[in-house]
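> sequence plus predicted model, see below.
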Amino acid sequence: MSTTQQHTPTLFLTELDVVRLERLAARSAAPHLLEMLDDVLARAAIVAPSEIPHDIVTMNTRFVCLLEGDATPREWTLVYPDAADYEAGRVSVLSPAGGALLGVHAGSTVQFPLPDGRAQRIVVTEILYQPEANGEYTV
């Protein structure tokens, strides 16, 4: 019996985010980045930035999330690798957590693998700021 998820949620990505992520993956020497991007794209509905629902985690979205096992919610922003700073709450889209969060709805629970192989679950509880919801399509 397969242990893969039966009902993979549909992710929403903007056309601009897809183009930028493809460029990032193409410049990288790490083959796992291309695999991650292929996985995300296979599960994604790609829409114009003006058509993305306002409760979706897109690039540069600031949101509140709760990591399983933590008592206190965290405020994170999903960013490109050059802006990442985990201590400041800026999570790279190319990290396992960032890749899992890209394109999900507020209220969603996602999981990603920790370095030791265990799964970490995160609930996105609230979108605080999404560029597209504010008419910012080129951030």
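Received, thanks.

> need the helix or strand of the protein with the lowest average pLDDT.
Counting by mean pLDDT, DSSP states H and E, the chain has its least confident helix or strand at helix 31-42, which shows a mean of 76.

> tell me who's in contact with the most centrally placed residue in the chain.
By C-alpha atoms, centre = their mean, the chain has its centre lying nearest to Leu102, at 1.8 Å. With contacts defined as C-beta atoms under 8 Å, 6 or more residues apart in numbering, the neighbours of Leu102 are 11, 13, 17, 40, 57-59, 78, 93. All C-beta atoms are positioned from the backbone trio N, CA, C, and that covers glycine.

> what does Asp38 give?
So Asp38 contacts nothing (C-beta under 8 Å, 6+ apart).

> what strands line up against the longest strand seen in the chain, and which way round?
Taking DSSP state E as the criterion, the chain has its longest strand at strand 119-129. Using DSSP bridges, the strands paired with strand 119-129 are strand 62-67 (antiparallel), strand 109-113 (antiparallel).

> flag every buried residue along that strand.
Across strand 119-129, burial judged by 16 or more other C-beta atoms under 10 Å covers 120, 122, 124, 127.

> just among the contacts of Leu102, which is most surrounded?
Val57 (28 neighbours; other C-beta atoms under 10 Å).

> could you measure from that residue over to Arg27?
Val57 is 23 Å from Arg27, where distance means C-beta to C-beta, to the nearest Å.

> then Gly117?
29 Å.

> how many neighbours does the residue nearest to Arg121 when sequence neighbours are not counted have?
Nearest non-adjacent residue to Arg121, counting by C-beta to C-beta, 6 or more residues apart in numbering: Glu68, 4.0 Å away. By the criterion of other C-beta under 10 Å, Glu68 has 11 neighbours.

> so what's the residue count around the closest residue in space to Ala26 that isn't next to it in sequence?
In this structure, Ala26 finds its nearest non-sequential neighbour in Leu34, 8.0 Å apart by C-beta to C-beta, 6+ apart. Neighbourhood size, Leu34 [other C-beta under 10 Å]: 13.

> quick one, what contacts Leu34?
Leu34 neighbours (C-beta under 8 Å, 6+ apart): 25-26, 28.

> got it, and Glu136?
Per C-beta under 8 Å, 6+ apart, neighbours of Glu136: none.
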